[in-house]
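> sequence? don't have it. structure:
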């Protein structure tokens, strides 16, 4: 399947933080997929997606949670989707995403940003897959039983258990995400996976050099096996609030030139509707106590041109201004994710 949905040059495009948000700024055939958001979801947050023209999203429902807590979070999603069924549907196939778009609803793919919900039991991969989870990141910032993470001083690589997890994810049709994963473990997982994998929300280190971003050798290995890099707008991996729309979009165009249009997408990493306590939970989990220096973690400031999913239209205009054509923009905004999902969700069995 080669989906060619996207914003079209010449359509009126909303600018960020202006009164024309919510106006008719996209065509009926747009299909935009955000590779990751970690929002505290309610109807207002879902409405932000619709205002921004977002048709599908990988919604994080576990980071540090174990199996029981992850089950509870999935149950909460079932309740939310039922309560707001006019606006959202839980998706498990590409057909579900396309159908949701046709119905004017948002397709939500449940995802984990860690393999902690699997504990030390590979059979839980299939259990959570049957419950609707379609994407799982192998590690979140620190070593676990699967492998090493981006902030570990030494990356162990993919463990024996990790290889079993990757194989089981391949078999059932769950996308392997390497966004917060250590570089050695990334390379191991790419080699071990029978199907293409993704880095749903990160940028190349040549754009901003931080441990959360990916060096050239990891990106090359990713695309050589058919994977996708979701360019990320979260300030800590973007380079801060001062990064301009032009700079970000020029990065996207350079990536398109270097690795091919079919391997570039967007994963905003939007984190809407949370207080500062939650960013402390993301950083510390239960593996370390909060910092003793008295400084409470706070959310970083976002660039003025992208503060949330409502600003996808102005991002789209930036991609056109940077030189991408209609088909290229359509691929980056959603077509590439859709093609990858179709390949991976079938499973390798």
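Right, received. Where do you want to start? Computed from a predicted structure; not experimentally measured.
> Pretty sure residue 315 sits against residue 245.
Yes - Residue 315 is within contact range of residue 245, at 7.0 Å (criterion: Cβ atoms under 8 Å). Quick note: C-beta positions are derived from backbone N, CA and C, even for glycine.
> got any residues that touch both of these two?
305, 306 (Cβ atoms under 8 Å, 6 or more residues apart in numbering).
> So for the two, which sits in the more crowded spot?
residue 315 (27 against 20; other Cβ atoms under 10 Å).
> What is the burial count for the residue lying closest to the more buried one once chain neighbours are set aside?
The shortest distance from residue 315 to any non-neighbouring residue, by Cβ to Cβ, 6 or more residues apart in numbering, is to residue 306 (5.9 Å). For residue 306, the neighbour count with other Cβ under 10 Å is 24.
> need the contact list for residue 85.
So, once contact is read as Cβ under 8 Å, 6+ apart, residue 85 ends up touching residue 105.
> Assumed it was part of a helix.
No - under DSSP: H, G, I helix; E, B strand; the rest coil, residue 85 falls outside any helix and is assigned coil.
> what's the distance between it and residue 66?
29 Å (Cβ to Cβ, to the nearest Å).
> Kindly report the same for residue 323.
Distance, residue 323 to residue 66, using Cβ to Cβ: 46 Å.
> swap in residue 125?
As defined by Cβ to Cβ, residue 125 lies at a distance of 14 Å from residue 66.
> Same question for residue 253.
In terms of Cβ to Cβ, residue 253 sits 42 Å off from residue 66.
> So which of the two has more stuff around it?
Higher neighbour count among residue 253 and residue 66: residue 253, with 17 against 14, using other Cβ under 10 Å.
> what's the helix or strand for that one?
helix 245-259 (DSSP states H and E).
> okay, which residue is most central for the protein?
With distances taken as Cα atoms, centre = their mean, residue 36 lies nearest the centre of the chain, 2.3 Å away.
> Just to check, it is in contact with residue 58?
Yes - Residue 36 sits in contact with residue 58 when judged by Cβ under 8 Å, with a separation of 4.8 Å.
> Now the common contact residues for the two.
Counting by Cβ under 8 Å, 6+ apart, the shared contacts of residue 36 and residue 58 are 111, 200, 267.
> who are the neighbours in contact with residue 97?
Going by Cβ under 8 Å, 6+ apart, the list of residues near residue 97 reads 31, 33, 55, 56, 91, 107, 109, 338, 341.
> Columns pLDDT, neighbour count and distance to residue 331 on top of these, output as CSV?
Output for the contacts of residue 97, formatted as CSV (pLDDT from 0 to 100; neighbours: other Cβ atoms under 10 Å; distance: Cβ to Cβ, whole Å):
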residue, pLDDT, neighbour count, distance to residue 331
31, 90, 24, 11
33, 98, 27, 11
55, 95, 25, 14
56, 98, 28, 15
91, 98, 25, 20
107, 98, 24, 18
109, 98, 26, 18
338, 97, 21, 9
341, 98, 27, 14
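> Which ones among those lie within helices?
Using DSSP state H, the subset of the contacts of residue 97 located in helices is 338, 341.
> how about the contacts of residue 97, which pair is most distant?
31 and 109 (13.7 Å; Cβ to Cβ).
> which residues are common contacts for those two?
56, 97.
> and residue 211, how far is that from residue 32?
From residue 211 to residue 32 the distance is 29 Å (Cβ to Cβ).
> brain fart, residue 281
Applying Cβ to Cβ to residue 281 and residue 32 gives a distance of 29 Å.
> how about the helices in this protein?
Counting by DSSP H, the segments of the chain that form helices are 43-51, 67-83, 94-103, 124-130, 160-172, 183-192, 216-224, 235-238, 245-259, 276-284, 312-321, 326-330, 336-345.
> among these, which is nearest residue 150?
helix 183-192 (7.6 Å).
> quick one: the closest one to helix 160-172, angle?
Orientation check (axes from the mean of the first three to the mean of the last three Cα atoms, to 10 degrees): helix 183-192 against helix 160-172 gives 40 degrees.
> Report the buried residues of helix 183-192.
Applying a neighbour-count criterion of 16 or more other Cβ atoms under 10 Å, one finds 183, 184, 185, 186, 187, 188, 189, 190, 192 buried in helix 183-192.
> I'd guessed the first one sits against residue 218; true?
Spelled out, that is residue 183. Yes - in this structure residue 183 lies within contact range of residue 218 using Cβ under 8 Å: 5.4 Å.
> hang on, the earlier thing: so residue 281 and residue 32 - more neighbours on which side?
Each of residue 281 and residue 32 has its neighbours counted (other Cβ under 10 Å); residue 32 has more, 29 against 15.
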